[in-house]
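> no sequence on this one, just coordinates:
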């Protein structure tokens with residue numbers, strides 16, 4: 001690193017300019033791909049599940065029976081005073097028009113159902129999700145849904161409300177929630193960071209450099225991730241993209257703050273700005289690279305996940321951090337060095353006999369307080385964190401229904417609530433059972449006896465051949481089949497493939513409700529005794545996602561802790577202080593869960609939290625929270641070499657206090673911006689990470705770690721030579 005720093009100061013002007021221009025062009029080119037990431041997003045349950053999940057096996061096997069894989073959806077027609085005969089004729093006309101819409105499985109459509117009160121009609125509209133083995137993009141699904149609703153509204157008289165519903169409508173609502181993510185979320189995050197940097201730097205110019213560098217890093221990460229997702233190397237979900245943007249901006253600004261703070265220090269000692277930057281780069285690079293490396297390794301631990309969404313979030317976020325540290329350690333120092341001292345105006349740093357930051361200023365006084373009252377300080381901080389644990393009993397991680405996942409009420413949620421109140425809620429999204437042809441009768445009888453399966457005649461039947469059903473409707477007319485119950489005749493059933501057959505079991509409850517998920521568990525328990533019988537479908541996919549989330553949480557959290565311990569041990573060349581740092585961050589994480597549980601239940605009034613919430617919160621809080629301890633303790637170790645352990649702790653705290661606190665505020669603010677998106681999961685992650693980072697920055701890093709380390713003394717460096725070195 002020393003040779004690299006010397007080389008940096010000796011680069012000729014044309015090389016500096018060439019590198020700066022190259023970084024600018026590369027980042028700008030990548031910036032065009034931010035808006036294209038939505039084209040390669042996947043937000044359905046199948047994209048989250050591994051190939052080994054039972055519902056995935058069923059979905060894959062179903063392709064042999066059905067050339068078109070569809071997502072069930074509904075269009076509702078509602079008139080408060082009751083649907084008239086003219087309304088019903090218009091609804092039938094809408095059905096014919098919708099069946100010809102691109103992206104709709106027209107052969108799978110059935111005659112409209114009418115509610116018992118005569119106010120509402122439900123038209124089954126399956127959206128094509130995969131045709132001939134090719135997946136349909138999220139943007140295409142959203143466009144199809146919009147065309148269907150527009151067609152329906154144009155076909156019916158005034159006074160008839162038209163609403164989407166069903167799994168298809170709700171999936172499109174999720175896709176719409178992420179629409180414009182690159183603009184709204186990125187813009188909000190950048191605005192927040194700009195405002196904070198204006199306060200931190202008190203300069204109308206300096207903030208431009210971290211922001212420009214962060215934007216370049218987002219662009220560079222976007223182009224890499226776009227092509228990896230396009231070629232199915234990784235899966236990009238909407239939540240991964242949202243986390244990527246705030247992570248790059250927040251972490252990038254943190255690294256920039258640390259580098260610029262050290263650069264400002266060195267400008268007071270070196271007349272040449274290139275020499276000052278070389279020295280700043282050399283001194284800050286170990287902490288920044290170690291921090292970025294810890295975050296990257298921690299994120300890559302997600303690759304042990306069963307869930308494809310988690311498994312790919314790790315590489316997505318790791319790519320973002322790698323691009324960020326690359327830009328911040330190359331483009332940013334080159335640009336700052338090239339521009340000169342004027343960028344700090346009006347607080348221009350010149351060579352002078354500056355005041356020692358380790359003994360003066362706000363953080364010098366904080367260090368003095370830690371010195372005088374170190375034991376009450378760390379005991380008090382620990383008690384405060386333990387008190388926060390009380391709220392953890394309010395944290396419900398049993399999962400959210402699809403409608404509970406939104407912080408607002410999109411049309412699909414309103415439509416789903418209406419559908420559930422007027423029709424059999426399980427219709428349209430049955431459990432899909434794959435079994436051998438010889439076992440079909442046994443499977444049907446066992447499924448019919450399962451609690452939670454609809455009890456109407458025909459609720460458990462062999463899959464219908466929609467092409468033949470459409471032909472029959474055309475022959476006898478829809479009125480002849482309207483309201484018909486019972487299993488379809490043999491001529492309409494899907495024919496066996498290699499002795500296997502598909503059976504649908506209609507559930508009594510809404511497909512994403514806890515009751516429906518319990519029914520799937522009972523179905524599997526009752527049917528797994530029959531040879532080669534598997535249960536899939538929408539509800540089963542949700543069950544598998546939730547089970548995989550719990551598995552991932554229990555597996556990955558210990559792995560992340562071990563990895564971070566190893567990294568800290570190598571960086572600090574000790575064993576005791578890494579254990580102390582990890583213990584304090586884990587305590588901070590638990591305290592954050594406690595506060596989050598109380599806030600979610602009593603302030604935000606969320607229905608609960610996703611099963612994956614603790615894992616996501618842990619990975620980001622521990623990986624990012626350990627950053628600040630790395631920034632602090634690498635400086636403490638540096639100061640210890642010259643001043644001894646206890647003076648080194650105080651000097652390290654005083655010198656890094658301002659920049660680390662600023663970095664924590666920036667990162668907390670950027671994650672809080674996730675609340676811009678109308679999704680409960682991201683709002684909860686945003687709050688938890690924002691609160692946890694502030695807790696880490698203000699309480700753990702500023703009070704608990706330095707006070708406890710000061711109380712222990714040089715033993716914190718055990719078993720290195722520093723633990724045996726006499727204090728000065």
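Cool, the structure landed. What you see is a predicted model, and the numbers here were worked out from it, not measured in a lab. Numbering: from 1, shown residues only.

> Every contact and neighbour count from this point should use C-alpha atoms.
Noted.

> quick one, what contacts the spatially most central residue of the chain?
The chain has residue 239 as the residue nearest its centroid, 3.6 Å off, counting by CA atoms, centre = their mean. Listed by CA atoms under 8 Å, 6 or more residues apart in numbering, the contact set of residue 239 reads residue 682.

> So it lies in a helix, does it not?
Yes - membership of residue 239 in a helix is supported by DSSP: H, G, I helix; E, B strand; the rest coil.

> Model confidence score at residue 680, please.
Note on residue 680: pLDDT of 90.

> Let me see the contact set for it.
Residue 680 neighbours (CA under 8 Å, 6+ apart): 404, 405, 406, 407, 606, 609.

> The third one contacts residue 678, doesn't it?
Going back to what we said before, that points to residue 406. Yes - with contact defined as CA atoms under 8 Å, residue 406 counts as touching residue 678 (5.7 Å).

> Which residue ranges of the stretch 451-600 of the chain form strands?
In the stretch 451-600 of the chain, the strands defined using DSSP state E, counting those that start in this stretch lie at 460-462, 500-505, 534-536.

> comparing the ones you listed, which gets the lowest mean pLDDT score?
Least confident of those, judged by mean pLDDT, is strand 460-462 with a mean of 85.

> Who are the packing partners of it?
If you count contacts as 3 or more CA pairs under 8 Å, 6 or more residues apart in numbering; DSSP states H and E, strand 460-462 packs onto helix 440-448, strand 500-505.

> rerun at 10 Å
strand 431-436, helix 440-448, strand 500-505 (3 or more CA pairs under 10 Å, 6 or more residues apart in numbering; DSSP states H and E).

> Neighbouring strands of it in the sheet, and parallel or not?
According to DSSP bridges, strand 460-462 forms sheet pairs with strand 500-505 (antiparallel).

> how big is the angle separating the partner strand from helix 440-448?
Interaxial angle, strand 500-505 versus helix 440-448 (axes from the mean of the first three to the mean of the last three CA atoms, to 10 degrees): 20 degrees.

> On the pLDDT front, check the residue nearest to the centre of the chain for me.
Reported pLDDT at residue 239 in the predicted model: 74.

> In contact with the residue nearest to residue 675 when sequence neighbours are not counted: list those residues for me.
Take residue 675 and drop its neighbours on the chain: the residue closest to it by CA to CA, 6 or more residues apart in numbering is residue 683, 4.4 Å away. Neighbour list for residue 683: 406, 407, 600, 604, 671, 672, 673, 674, 675, 676, 677 [criterion: CA atoms under 10 Å, 6 or more residues apart in numbering].

> List only buried entries from those.
Using 16 or more other CA atoms under 10 Å as the burial test, the contacts of residue 683 include 406, 407, 600, 671, 672, 673, 674, 675, 677 as buried.

> So, low pLDDT: which residues of the stretch 201-350 of the chain?
The stretch 201-350 of the chain contains no residues with pLDDT under 70.

> quick one, helices of it?
Using DSSP state H, counting those that start in this stretch, the helices of the stretch 201-350 of the chain run over residues 208-230, 238-267, 273-300, 308-339.

> And the stretch 451-600 of the chain, by the same measure?
Assigned by DSSP H, counting those that start in this stretch, the helices in the stretch 451-600 of the chain fall at 466-476, 478-481, 514-527, 538-572, 576-602.

> From the chain's centroid, how far away is the fourth one?
Put plainly, it is helix 538-572. Distance of helix 538-572 from the chain centroid (CA atoms, centre = their mean, to the nearest Å) equals 14 Å.

> buried residues in that helix?
By neighbour count on 16+ other CA under 10 Å, the buried set for helix 538-572 is 538-553, 555-557, 560-561, 564-565, 567-569, 571-572.

> What of the last one?
Applying a neighbour-count criterion of 16+ other CA under 10 Å, one finds 576-582, 584-601 buried in helix 576-602.

> Give the rounded mean pLDDT of that helix.
So the average pLDDT for helix 576-602 ends up being 92.

> so what does it touch, helix or strand wise?
Secondary structure elements in contact with helix 576-602, counted by 3+ CA pairs under 10 Å, 6+ apart, are helix 374-388, helix 538-572, helix 613-643, helix 680-695, helix 705-712.

> Could you rerun that using 7 Å?
Helices and strands touching helix 576-602, by 3 or more CA pairs under 7 Å, 6 or more residues apart in numbering; DSSP states H and E, are helix 374-388, helix 538-572, helix 613-643, helix 680-695.

> between the second one and helix 576-602, how big is the angle?
Think helix 538-572. Relative orientation of helix 538-572 and helix 576-602, computed by the same axes, to 10 degrees: 150 degrees.

> Then the last one?
Note on geometry: by the same axes, to 10 degrees, helix 680-695 and helix 576-602 are set 130 degrees apart in direction.

> picking up where we left off before, out of the helices of the stretch 201-350 of the chain, the one nearest residue 149 is which?
Set against residue 149 and scored by CA to CA, the helices of the stretch 201-350 of the chain come closest in helix 238-267, at 23.5 Å.

> Just the buried positions in the closest one, please.
Buried residues in helix 238-267 (16+ other CA under 10 Å): 238-267.

> just to revisit the earlier point, what's the closest of the helices and strands packed on helix 576-602 to residue 419?
The minimum distance between residue 419 and the helices and strands packed on helix 576-602 falls on helix 538-572, with 17.1 Å, by CA to CA.
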